[in-house]
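S.K.: sequence? don't have it. structure:
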Ligand code: FES
Ligand code: FES
């Protein structure tokens with residue numbers, strides 16, 4: 001066992017973990033942060049994406065011991081004072097989810113994308129989200145949500161107007 005100390009969604013934790021324990025297992029099984037989900041276990045789908053030290057990582061691809069001494073933010077830590085994060089609001093407003101399984105990872109990755117590039121083009125959004133898979137294939141509205149969160153109107157919105 002190895003002792004780790006991490007801050008997750010603003011709360012400090014110290015725990016003994018197996019060196020092989022994945023960060024996603026630690027978050028879900030030890031801390032009960034089940035908002036972060038597992039879609040594949042092979043680092044393909046991105047459903048498990050969280051922020052580690054302020055950058056997005058696939059938490060099934062990181063060991064819990066690698067998070068020692070760092071800040072972790074999950075989708076559960078995004079809202080502030082009962083207010084959804086602007087990216088969460090945009091996903092809600094743009095109907096950017098169907099079954100919702102990919103949504104936590106999509107939101108975490110989208111926030112990281114805008115941190116790097118506050119006004120991405122549609123191609124840059126699609127490129128930035130290529131590591132996140134939506135099995136419901138709802139990519140169009142996910143792109144619209146990221147455009148909305150970045151303060152940009154999508155071409156589709158401009159064409160559809162109030163009908164969208
Ligand atoms: S569960 Fe981590 S990438 Fe799919
Ligand atoms: S909304 Fe179902 S997997 Fe994306």
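M.R.: Good, I have the coordinates. None of these values were measured; they are calculated from a predicted model. Ligands and ions are numbered 1, 2, ... in the order given.
S.K.: what distance do you get for residue 15 to residue 5?
M.R.: Distance, residue 15 to residue 5, using CB to CB, to the nearest Å: 8 Å. In this view, the C-beta of every residue, glycine as well, is placed from N, C-alpha and C.
S.K.: neighbour count for these two, which is higher?
M.R.: Each of residue 15 and residue 5 has its neighbours counted (other CB atoms under 10 Å); residue 15 has more, 15 against 12.
S.K.: so the more buried one touches residue 29, yeah?
M.R.: No. The criterion here is CB atoms under 8 Å, and residue 15 misses it with residue 29 at 10.9 Å.
S.K.: list the residues that contact both of these two?
M.R.: Common neighbours of residue 15 and residue 29 (criterion: CB atoms under 8 Å, 6 or more residues apart in numbering): none identified.
S.K.: how is this protein partitioned into domains?
M.R.: 2-76, 86-159 (automatic domain parsing).
S.K.: mind checking how far stretch 139-149 is from the chain centre?
M.R.: 14 Å (CA atoms, centre = their mean, to the nearest Å).
S.K.: quick one: the closest residue to residue 57 other than its chain neighbours from residue 147, how far?
M.R.: What sits nearest to residue 57 in space, not counting adjacent residues and going by CB to CB, 6 or more residues apart in numbering, is residue 50, at 6.5 Å. Distance of residue 50 to residue 147, given as CB to CB: 23 Å.
S.K.: who's more crowded, the two?
M.R.: Using other CB under 10 Å, the more surrounded residue of residue 50 and residue 147 is residue 50, with 29 against 22.
S.K.: I'd guess the residue nearest to residue 57 is in a strand, am I close?
M.R.: Yes. Assessed by DSSP: H, G, I helix; E, B strand; the rest coil, residue 50 belongs to a strand.
S.K.: what helix or strand is the residue most central in space within the chain on?
M.R.: Central residue of the chain (CA atoms, centre = their mean): residue 108, 2.0 Å from the mean position. Element membership of residue 108, judged by DSSP states H and E, is helix 103-116.
S.K.: contacts for that helix next, please.
M.R.: Against helix 103-116 from outside (CB under 8 Å, 6+ apart): 35-37, 39, 45-51, 54-56, 58, 73-75, 78, 85, 87-88, 91, 96-97, 120, 124-125, 128-129, 131-132, 134, 142, 145-146, 149-150.
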